[in-house]
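Enquirer: pasting a predicted model and its sequence here:
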Amino acid sequence: MTQARPHSRRDFGTGIGLAVLALVIAAAGGLIAPASWLDPAQSPSIYPCAALLGVAVCGLIIAFGKSAQSDAGESLPVNRRSIGMGLIMAAYAILLPFLGLIVSTLALHLALPTVFRYRRWGAAVAFAVIIIGLSWLVFIKVMGIPLKL
Amino acid sequence: MLHEFLAAGAMLIQPATVVALLVGIVLGTIIGVLPGLGPSIAVSLAVPFTLNMGIGPSIALLMALYCTSIYGGAITAILVNVPGTPASAATCFDGHPMARRGEANVAIAIATFASAIGGWLSLVILALIAPFLARFALRFGPLEMCCVGIFALCCIAVIERRTLTRAVAAGLIGITIAAVGQDPVSGGMRLTFGYFPLSAGIPLVPLLIGLFAFSEVMIRVGEIAAGMQRPAMTGVGFRLPNFAFWKNAAPLVAKSSIIGTAIGILPGSGPTAASFISYAEAKRSAKDPASFGKGNPHGVIASEAANNAVTGGALVPTLSIGIPGDPITAIMLAALVLQGVIPGPKLYVEHGDIVMLILMSLFVANAGIMVMGALGAPLWTRILKIPEPLLMVGVTIVATLGTFATDNSAFDLIIMVFAGFLGWGLRALRFPLAPLIIGYVLGPMVEVNLKQALIVYGGDPYVFIERPIATVLLLMTLAVLFYPWLNGLAKRCFGKAEVREAK
């Protein structure tokens, strides 16, 4: 049988944060409109509002309940480098339509030594050329997506 | 019947039809492998080409693309934990852990075999009882569809019993994400925050790519930075488990195929829902449910047999009554109409040879999955030999281009980025992602049908007495929800009885 574990600070923060975020989204999204709930079939807000209230309740259970189940699972490392990689990928995705395939993809490869400590430049350049070539062939030439080269 | 069979066979062995089948099998698998691209893109890209083809080659091409593009998604799901298609998201849970412990070759072989068997079993159902099933599916009104959706949503409780609170929260987050945009019944806007592009809602492909591909790269970088080295992934090739394994897995393959076909027949569900429901059922009925998510081959079988079985199921209403069950079959319906074939009840009488050709093409395409799996696996699994930093960058590039290619929309890329950070945050805080996808896929189905049922029946509870299918579905939902308590109660009762007998 699973043993109930004491609550960690992280669970408390996660639960409270989730509950508050759900309520803030419901309020900011204009979902808290009780007048429209009188006709649930026509109300655009009742369904997502109920879902967000459910999220808030789950958040409170995570924060205060002593559910052994909610504490299970392995933690993943959270560090600056993973956030940095996320920001680099975000920049790549957002700038790709404006800079084009070649410039943005080569720029992404510059992130390799910084983020992964990967310094085999020959392999990186060869990989960049291959992936740009294949992407051009599949996505631009065959599928005809309107993306700058 | 024999005449139609021979006529279809004659069309199938025409050189142009054979070439179309082969091209469809190869291209479909490649499109499925590329994250972001799936069967809808594969089929819609092929439609303009079919206009210049005869009926035989065009049907062969469409059917081959449809089948193999769903299968192809499993390969990236297993090798890099990025589902090639939404339907393969559930394959990630056990396929990738198998690859990480050096069994990529076994995982791909299992996915290949399960996909082909699932496709074939659904074909048998399509061939034998399609008109009857199509008429039965017509009895599913909004109330029944709402009950199906609620039943499937309750599967979250089965999949993630270990992290139940977090799983329910993730499922509700998925439902909320799906609710962004226009209300399907009243047309009112919700959760758009006055930002117009959100009025069309959050599309599935960027959400899925962000949640899985984007967050996977971030997590891997974090692990490398923290000095957590994963064991080098090995297992290049294609290694089919022995006969004893398949003998043991046969009931699961059959059950998953039936689930996939049944879900495929119901309109608005599709392969993604089918694979998750089948996965949940496999986990519920397994002797060791705790091993699911850690590389249990039965998880791969459940997901892959079900998602490929949808192909036959989805064609049941499309061919029998002319009502497509999902966007992919809608495109195929349009392609058939352009070829002068009008699907509907008369199709089986007037164009029996065409129905037979569709069945034969699907049969050969499913056999093609086996060939592509066996021949292509050594090539696909070479991906594991690429140095990890380069592989991560490659995943980023292909995932981004695949997302952009879906609708040629820069806004989709922004959604992908947000979904990536959301997925990373949720995974870092130990929230499972499967319930979020289930909530996203099934949330709109439940909402629309619930609202329609409220309009039609006005909230009258006696309607459940008048509609027995809905009552059965409701009882099934209650059984799933209270299964642990019922199981515990039964064990206690039987345990006491055994003790009394022993005394």
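Expert: Alright, I've got the coordinates.
Enquirer: neighbours around B:Ala152, how many?
Expert: For B:Ala152, the number of neighbouring residues by other C-beta atoms under 10 Å in any protein chain shown comes to 23. Every residue, glycine included, has its C-beta placed from N, CA and C.
Enquirer: these two touch, right, B:Ala60 and B:Leu12?
Expert: Yes - applying C-beta atoms under 8 Å as the test, B:Ala60 and B:Leu12 come out as touching, 7.1 Å apart.
Enquirer: higher neighbour count, these two?
Expert: Taking neighbours as other C-beta under 10 Å, B:Ala60 and B:Leu12 compare with B:Ala60 leading, 33 against 19.
Enquirer: what packs against the helix or strand hosting that one?
Expert: Using DSSP states H and E, B:Ala60 sits within helix B:55-80. Packing contacts for helix B:55-80, counted by 3 or more C-beta pairs under 8 Å, 6 or more residues apart in numbering or on different chains; DSSP states H and E, involve helix B:2-12, helix B:15-33, helix B:39-50, helix B:89-100, helix B:104-137, helix B:297-320, helix B:327-338, helix B:352-380.
Enquirer: and that helix, average pLDDT?
Expert: For helix B:55-80, the mean per-residue pLDDT is 89.
Enquirer: pull out the buried positions in the helix or strand hosting A:Val129.
Expert: Per DSSP H and E: A:Val129 is located in helix A:121-135. Using 16 or more other C-beta atoms under 10 Å in any protein chain shown as the test for burial, helix A:121-135 gives A:Ala124, A:Phe127, A:Ala128, A:Ile131, A:Ile132, A:Ser135.
Enquirer: now stretch B:284-304
Expert: B:284, B:286, B:289, B:291-293, B:295-304.
Enquirer: please work out which of the helices and strands packed on helix B:55-80 is packed deepest.
Expert: With neighbours defined as mean count of other C-beta atoms under 10 Å in any protein chain shown, the helices and strands packed on helix B:55-80 peak in mean count at helix B:297-320, which reaches a mean of 31.
Enquirer: nearest residue to B:Pro378 in space, please, no chain neighbours.
Expert: Distances taken as C-beta to C-beta, 6 or more residues apart in numbering or on different chains put B:Gly237 closest to B:Pro378, at 5.0 Å, once the chain neighbours are dropped.
Enquirer: ok, how many other residues are close to the residue of the stretch 201-350 of chain B found nearest chain A?
Expert: Residue nearest to chain A within the stretch 201-350 of chain B: B:Gly222 (3.2 Å; C-beta to the nearest C-beta). Residues contacting B:Gly222 under the criterion other C-beta under 10 Å number 23.
Enquirer: show me what the strand or helix carrying it is packed against.
Expert: Using DSSP H and E, B:Gly222 falls within helix B:215-225. Packed against helix B:215-225 by the contact rule (3+ C-beta pairs under 8 Å, 6+ apart) you find helix A:80-99, helix A:101-116, helix B:388-407, helix B:410-428.
Enquirer: right, and those helices - which one's nearest A:Leu31?
Expert: A:Leu31 sits nearest to helix B:410-428 of all the helices and strands packed on helix B:215-225, at 19.1 Å, using C-beta to C-beta.
Enquirer: quick check: buried residues in that closest one?
Expert: B:412-424, B:426-428.
Enquirer: let me know the average pLDDT across it.
Expert: The model assigns helix B:410-428 a mean pLDDT of 91.
Enquirer: likewise for stretch A:23-43?
Expert: On average, stretch A:23-43 scores 85.
Enquirer: with stretch B:124-137 instead?
Expert: Rounded mean pLDDT across stretch B:124-137 is 73.
Enquirer: try stretch A:116-130
Expert: On average, stretch A:116-130 scores 84.
Enquirer: sec struct for A:Leu147, please.
Expert: Of the three states, A:Leu147 takes coil according to DSSP: H, G, I helix; E, B strand; the rest coil.
Enquirer: that one: neighbouring residues, count only.
Expert: For A:Leu147, using other C-beta under 10 Å, the count is 19.
Enquirer: so who does it touch?
Expert: Counting by C-beta atoms under 8 Å, 6 or more residues apart in numbering or on different chains, A:Leu147 touches A:Leu96, A:Pro97, A:Gly100, A:Leu101, A:Phe139, A:Ile140, B:Leu401, B:Phe404.
Enquirer: which one of those residues has the most neighbours?
Expert: B:Leu401 (28 neighbours).
Enquirer: contact partners of stretch B:104-111?
Expert: B:71, B:74-75, B:78-79, B:91, B:94-95, B:98-99, B:233-241, B:297, B:300-301, B:304, B:373-374, B:377, B:380-381, B:384.
Enquirer: run the chain-centre distance for that stretch.
Expert: Put simply, stretch B:104-111 sits 18 Å off its chain's centre (C-alpha atoms, centre = their mean, to the nearest Å).
Enquirer: so for it, mean pLDDT?
Expert: The model assigns stretch B:104-111 a mean pLDDT of 90.
Enquirer: which residue, other than its chain neighbours, is closest to B:Arg101?
Expert: Per C-beta to C-beta, 6+ apart, closest to B:Arg101 is B:Gly295, 5.9 Å.
Enquirer: now do the same for that neighbour: its pLDDT.
Expert: Reading off the model, B:Gly295 has pLDDT 88.
Enquirer: quick one: it is in a helix?
Expert: No - judged by three-state DSSP, B:Gly295 forms no part of a helix; its state is coil.
Enquirer: wait, it sits on B:Gly102?
Expert: No - contact criterion C-beta under 8 Å: B:Gly295 and B:Gly102 do not qualify, at 10.2 Å.
Enquirer: the helix holding A:Val129 to helix A:101-116, inter-axis angle?
Expert: Orientation check (axes from the mean of the first three to the mean of the last three C-alpha atoms, to 10 degrees): helix A:121-135 against helix A:101-116 gives 140 degrees.
Enquirer: residue ranges with poor pLDDT in chain A?
Expert: Along chain A, segments meeting pLDDT under 70 span A:1-7, A:66-75.
Enquirer: ok, and what's touching stretch B:185-193?
Expert: A:25, A:28-31, A:41-45, A:48, B:176, B:179-183, B:198-199, B:448, B:451-452, B:455.
Enquirer: list the contacts of residue 144.
Expert: Assuming you mean chain A. By C-beta under 8 Å, 6+ apart, A:Gly144 has no neighbours at all.
Enquirer: try chain B instead
Expert: B:Arg467, B:Ile469, B:Ala470, B:Leu473.
Enquirer: does the strand or helix carrying the last one come close to chain A?
Expert: What that stands for is B:Leu473. Assigned by DSSP H and E, B:Leu473 belongs to helix B:468-481. No - counting by C-beta under 8 Å from any C-beta of the partner chain, chain A is not contacted by helix B:468-481; separation bottoms out at 14.9 Å.
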